[in-house]
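[1] Sequence first, then the predicted structure:
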Amino acid sequence: MLMFLLIVLVPLAALLGFLYAGRGYLAWVVSGGLFLALLGLAGWLPGGLLFVLAGLFVATVVLFGVGALRTPLVSRPLMGVMAGVLPQMSETEREALEAGTVWWDGDLFSGDPDWRKLLDFEIQALSPREREFLDGPVRELCRMLDDWQVRRDGDLPDEVLEFIKAQGFMGMIIPETFGGLGFSAAMNSAVVTIVASRSVTASVTIMVPNSLGPAELLHLYGTQEQKDHYLPRLARGEELPCFALTEPHAGSDAGSMRSRGVVCMGEWEGEEVLGIRLDWDKRYITMSTITTLIGLAFKLHDPDHLLGDVEDLGITCALVPADLPGIETGQRHDPMGVPFFNGPTRGKDVFVPIDFVIGGRAMCGKGWGMLMQCLSAGRGISLPALSVGASQLAARTAGAYAYVREQFKLSIGRFEGIEEPLARIAGMTYTLDAARRLTHGAIDAGEKPAVVSAILKAYSTEAMRKVVNDAMDVVGGSGICRGPRNILAGSYQAIPIGITVEGANILTRTMIIYGQGAIRCHPWVQKEMAAVAARDASAFDRAFFGHVGFVFQGAARSLLLGLSGGALAAPVHPRLDPFLRQLTRYSAAYALVSDAAMATLGGTLKRKEKINGRFADALAWMFLASATMKRFVDEGEPERDREVLQWSMEHALYEVERALVGILDNLPNRLAAAALRPVVFPLGARRRPPSDHLGGRVARALLGQSELREALSRDIFVGPADEPGLGHLDETVRLQAHSEEARKKLKEALKSGRVPRGPEVLVHAVREGVLREEEAAAIRAADEARNEAIAVDSFGDVRTFPPREPSGGRSAAAGRTA
């Protein structure tokens, strides 16, 4: 029995050890040699048979260890098989796949993230010039905004729009050399965050010209002549841009657009020139109602071969002045009552010169790649910033309201039923802002992290939905009665918009994140595909056997890290190591399960959207957990944040494990799932969400004038104390905290019977010497402020705030058919 255990366990230990260390080929050589040697020592096999086995083993070692033999005898035939198995990829799919760069997502896919690299990464801080703009024009804009009035009137006031244009808000991403502000991604994000906490309408008006649109496309791809002409005008607000992509028949599947341009000769300013005749029907186009310059995406055709031999050139982007004959603009959609400028635009038989193509004639047919490259970074800035603004507003509001609102003679924040949503609000807001900062830091460092940006867009807007809904539950009726006192209504109304635009979350989660990540972030898959496409047997040999070694290493790491509870992972940071080790373990498991899914499902994997969605969940929560720890370290590991960090990490780790369990529970190949489960979860899936006790501590830390509440809402605008809404609620918190000691004295006096209860209780308390006059005054002031803080708006006649007409407001004057 002892010899049997030696024969099995010694080679197995060697195999796992070398595989864990990444020495795949050596692992098989050493473990196989030990196995044969021990068999020989045991004398269990006839000498002839042992000699044959040893010969086969040596031949196999030579065949797979010598590249000159392996490539022609193994890799080249295998490459032919793979060529027939790999799914066909369209050009639009290829361009989307290759857009952007691989960043921290690649580490998470690797099975062995370099945590020191992440923790040492420096996030660019705001420059003094950016800080001055944030403290000056941005805060001045926030003081000008009355979101209730904006939503009631169905428009931004003229003076607000003029201020936005005059101060350069629409040119934040345009370089200073062209008259723009030339701000960083961090500053772009900071502006959207603070303005979104004041007015979603204003924030969208600012963020869209600074996201995917004419300015960014011109800056990256425009000709010098186009840049010199348009960028200064866009920066000054003389041109108001929109970008027209979505159509009735092309939403998530933008590649199926029907907008059409035909290359032809036509008249322009009295001369016959080479140009494009355009027809389009677009909808959901932000800024289209007031635009002067349309960035248009369309499919370009050249039936007369005026540009070359290719007839169907593909998606192209052009700049079209909005006042040309045949163009319709001005009508408005009504997106959930949030009155930002959004509507359809149509064009019929519109002629423009070929030079109106962004980038000129050379960029005809290259529009899809341009759009994908821009989205690879842009999705990581605007909507995540809006989501953080809404979440920070919700956290500040819920923490204050739960402190000042009393029922059953107790602040409602002390009830366990309220503690539960308060803990989620605090934890999710902390994580969400951490992810926002890490992502714009990557963009400022030169990355275009396509997968990370998709994660942030989808999961930040989903987090906003949960946080704002939880805050609405906390404030109760105060959240559902619209009016100037309602702090959360604007954010609540905007939730479905963020969920839907720039790639609907269902699409992003179930198709984009893992669909792109499985190939781009994997260390070997894209190299294998490129080698097969190029028919390069040597490159395929390196990629394929690198991939094989990666799979076996992942299996060993997943098993050993699972058995050790992550303890075998190298220490990195004393306070964070318990979390880092678990994430390293999950990263190894993720890499293994991902490879198993690709191997067993092949090309059909991209149609298994529920499986894809769970892969996206696991990857997203590993990224969010990474960002959360990075924030804690970057901010000096404050004691204030220890419990919210603990809650956030426990929640993220639970979500990662839940996603992996869901994949194994639903993987179509049940034999593969059964084989994977003991490797991925050798001791079972035992992760639990944060405990009630921890959640209670986090919730209580959010109440009132707490350091945590201030830290979680530091990037938003808080109005003056005499303004209905958040400004007054904050002042109520201050007055309530100031009167707490006096209230304790009064409570004891009432309990002992020293002071009679009744409307004159404060008078009696002063007369009996329980309270000083100034203490009684503090209680009165706090009570009066509380009464106002919990009040809701009412109107004499509902007709005083009629529903906004979808085509009303500024667009009625701006609307036109040229």
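    Yep, it's here. Numbers count the residues shown, from 1 in each chain.

[2] For the rest of this, base every contact and every neighbour count on C-alpha atoms.
    OK.

[3] Poorly predicted segments of the protein, please.
    In the predicted model of the chain, residues 1-2, 4-5, 47, 85-93, 797-818 satisfy pLDDT under 70.

[4] Tell me the buried residues in whichever strand or helix holds Thr628?
    Element membership of Thr628, judged by DSSP states H and E, is helix 609-634. Buried residues in helix 609-634, counted by 16 or more other C-alpha atoms under 10 Å: 609-633.

[5] element containing Phe351, please.
    With DSSP H and E as the criterion, the answer for Phe351 is strand 342-353.

[6] same deal with Pro303?
    Applying DSSP H and E, one finds Pro303 in no helix or strand.

[7] Next, the angle from the longest helix seen in the chain to helix 609-634.
    Counting by DSSP state H, the longest helix found in the chain is helix 416-444. Orientation check (axes from the mean of the first three to the mean of the last three C-alpha atoms, to 10 degrees): helix 416-444 against helix 609-634 gives 80 degrees.

[8] Which secondary structure elements does helix 416-444 sit against?
    Contact partners of helix 416-444 among helices and strands, from 3 or more C-alpha pairs under 8 Å, 6 or more residues apart in numbering; DSSP states H and E: helix 185-196, helix 382-404, helix 450-475, helix 609-634, helix 642-666, helix 692-702, helix 707-712.

[9] could I get those as a markdown table with distance to Tyr514?
    As requested, the helices and strands packed on helix 416-444 are exported to a markdown table (distance: least, C-alpha to C-alpha, whole Å):
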| stretch | distance to Tyr514 |
| --- | --- |
| helix 185-196 | 25 |
| helix 382-404 | 19 |
| helix 450-475 | 8 |
| helix 609-634 | 5 |
| helix 642-666 | 13 |
| helix 692-702 | 31 |
| helix 707-712 | 31 |
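
[10] Indicate which one of the ones you listed is closest to Ser75.
    Minimum separation from Ser75 across these (C-alpha to C-alpha) falls at helix 609-634, 29.5 Å.

[11] Correct me if wrong: Ile480 contacts Ser491.
    No: between Ile480 and Ser491 there is no contact under C-alpha atoms under 8 Å: 12.0 Å.

[12] Excluding residues flanking it in the chain, which one is nearest the residue most central in space within the chain?
    The centroid of the chain falls nearest to Leu456 when counting by C-alpha atoms, centre = their mean (0.8 Å). Distance criterion C-alpha to C-alpha, 6 or more residues apart in numbering; nearest residue to Leu456, sequence neighbours excluded, is Gly380 at 5.8 Å.

[13] go on, Asp444?
    Ala185 (5.8 Å).

[14] which residues sit in contact with that neighbour?
    Contact analysis of Ala185 by C-alpha atoms under 8 Å, 6 or more residues apart in numbering lists 381, 440-441, 443-444.

[15] Name the residues of the strand of greatest length in the chain that are buried.
    If you go by DSSP state E, the chain has its longest strand at strand 271-286. Buried residues in strand 271-286, counted by 16+ other C-alpha under 10 Å: 273-286.

[16] ok, now stretch 217-235?
    For stretch 217-235, by 16+ other C-alpha under 10 Å, it's 217-219, 221-223, 226-227, 230-235.

[17] And Leu161, its phi and psi?
    Torsion angles at Leu161 (phi, psi; degrees, to the nearest 10) stand at phi -60, psi -40.

[18] Can you tell me how far it is from Gly479?
    Using C-alpha to C-alpha, to the nearest Å, Leu161 is found at 28 Å from Gly479.

[19] Could you do Ala322 as well?
    40 Å.

[20] Ok, Pro496 next?
    Counting by C-alpha to C-alpha - Pro496 and Gly479 are separated by 17 Å.

[21] Also Leu36?
    Applying C-alpha to C-alpha to Leu36 and Gly479 gives a distance of 74 Å.

[22] same question, Ala14
    63 Å.

[23] re earlier: so which of Pro496 and Gly479 has more stuff around it?
    Gly479 (20 against 16; other C-alpha atoms under 10 Å).

[24] Now do the SS call for the more buried one.
    helix (DSSP: H, G, I helix; E, B strand; the rest coil).

[25] Now do the contacts for it.
    Gly479 touches 472, 486-489, counting by C-alpha under 8 Å, 6+ apart.

[26] mind running it again at 7 Å?
    Residues near Gly479 by C-alpha atoms under 7 Å, 6 or more residues apart in numbering: 472, 486, 488-489.

[27] What of Val761?
    Contacts of Val761 (C-alpha under 7 Å, 6+ apart): Val755.

[28] mind listing what Met265 touches?
    By C-alpha under 7 Å, 6+ apart, the residues touching Met265 are 272-275.

[29] ok, it to Val352 distance?
    For Met265 relative to Val352 (C-alpha to C-alpha), the value is 10 Å.

[30] Now for these two: what residues contact both?
    Common neighbours of Met265 and Val352 (C-alpha under 7 Å, 6+ apart) are Gly275.

[31] quick one: the helices in the stretch 501-650 of the chain?
    505-507, 513-520, 525-534, 537-563, 577-601, 609-634, 642-666 (DSSP state H, counting those that start in this stretch).

[32] Show me how far the fourth one is from its chain's centre.
    Computed by C-alpha atoms, centre = their mean, to the nearest Å, the chain-centroid distance of helix 537-563 equals 30 Å.

[33] what comes up buried for that helix?
    537-547, 549-563.

[34] So in that sheet, which strands flank the helix or strand containing Gly295, and in what orientation?
    Following DSSP H and E, one finds Gly295 within strand 293-301. Sheet pairing of strand 293-301 (DSSP bridges) gives strand 241-244 (parallel), strand 260-268 (parallel), strand 312-321 (antiparallel).

[35] Between these, which one is closest to His573.
    Closest among those, using C-alpha to C-alpha: strand 241-244, at 45.9 Å.

[36] Identify all contacting residues around the closest one.
    Residues from elsewhere that reach strand 241-244 (C-alpha under 7 Å, 6+ apart): 209, 213-214, 282, 285-288, 291-297.

[37] Likewise for stretch 217-237?
    165-166, 168, 170-171, 174, 178-180, 215, 239-240, 358-360.

[38] what's the distance between Val74 and Trp524?
    Distance from Val74 to Trp524, by C-alpha to C-alpha: 18 Å.

[39] okay, those two: which has more neighbours?
    It is Trp524, of Val74 and Trp524, that has more neighbours when counted by other C-alpha under 10 Å, with 21 against 15.

[40] And stretch 443-463, what's buried?
    So, applying 16+ other C-alpha under 10 Å, buried residues of stretch 443-463: 443-444, 447-463.

[41] again with stretch 571-582
    576-582.

[42] What ranges does the stretch 1-150 of the chain have for its strands?
    Remark: strands of the stretch 1-150 of the chain are absent; assignment by DSSP state E, counting those that start in this stretch.

[43] need the contact list for Ala83.
    When contacts are counted by C-alpha under 7 Å, 6+ apart, Ala83 touches Val532.

[44] Let's see that with 10 Å instead.
    Neighbouring residues of Ala83 by C-alpha atoms under 10 Å, 6 or more residues apart in numbering: 529, 531-533, 535.

[45] among those, which two are most distant?
    Every pair of the contacts of Ala83 checked by C-alpha to C-alpha; the farthest is Met529 and Arg535, at 9.8 Å.
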